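[1] all I have is the shape, not the residue letters:
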């Protein structure tokens with residue numbers, strides 16, 4: 001399964017800053033159904049993905065956000081630096097799932 005979307009990068013402040021992209025509602029619903037049906041949902045409802053932004057790809061997990069009913073993709077510093085984007089920038093993402 002392949003999902004492509006565009007979303008702004010945002011920062012969540014806790015003890016340390018975390019940076020995320022929020023998946024669209026429709027795509028999140030499809031992912032949730034496929035992950036649950038295929039037994040691929042992991043701890044906390046996370047789903048393993050291969051994320052690609054620009055020329056950078058990495059293996060990670062997306063996490064469900066109960067408030068919005070979507071999934072969140074964490075974006076680490078090395079990806080942000082390699083692709084040259086920061087908070088508020090719209091980012092084009094491809095996620096590949098083995099569902």
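    Right, received. Where do you want to start? Because the structure is a prediction, the values reported are computed rather than measured.

[2] and residue 13, how many neighbours?
    Residue 13 has 7 neighbours, counted by other CB atoms under 10 Å. For every residue, glycine as well, the C-beta is placed using N, CA and C.

[3] what's the top helix by length along the chain packed up against?
    Taking DSSP state H as the criterion, the chain has its longest helix at helix 25-37. Packing contacts for helix 25-37, counted by 3 or more CB pairs under 8 Å, 6 or more residues apart in numbering; DSSP states H and E, involve strand 2-8, strand 56-65, strand 70-74.

[4] quick one: buried residues of the helix-or-strand element of the chain with minimal mean pLDDT?
    Least confident helix or strand of the chain, by mean pLDDT, DSSP states H and E, is helix 25-37 with a mean of 86. Neighbour-count burial for helix 25-37 flags 27-28, 31-32, 35 (criterion: 16 or more other CB atoms under 10 Å).

[5] quick check: next helix or strand after it?
    Next helix or strand after helix 25-37 toward the C-terminus (DSSP states H and E): strand 47-53.

[6] show me the residue at the heart of this protein, geometrically.
    Here the mean C-alpha position of the chain is nearest to the C-alpha of residue 73 (CA atoms, centre = their mean), at a distance of 2.1 Å.

[7] report the beta-bridge partners for that residue.
    With DSSP bridges as the criterion, residue 73 is bridged to residue 21.

[8] next one: residue 70 from residue 11, what distance?
    Distance, residue 70 to residue 11, using CB to CB, to the nearest Å: 17 Å.

[9] also residue 90?
    Residue 90 is 15 Å from residue 11, by CB to CB.

[10] do the same with residue 62
    17 Å.

[11] the two - which one has more neighbours?
    When residue 62 and residue 11 are compared for neighbours, residue 62 comes out ahead with 25 against 11, by other CB under 10 Å.

[12] got the confidence number for that one?
    You'll see residue 62 listed with a pLDDT of 95.

[13] wait, isn't it in contact with residue 70?
    No: using CB atoms under 8 Å, residue 62 is not in contact with residue 70; the gap is 9.2 Å.

[14] any common contacting residues for these two?
    Here residue 62 and residue 70 have residue 23 as joint contacts, going by CB atoms under 8 Å, 6 or more residues apart in numbering.
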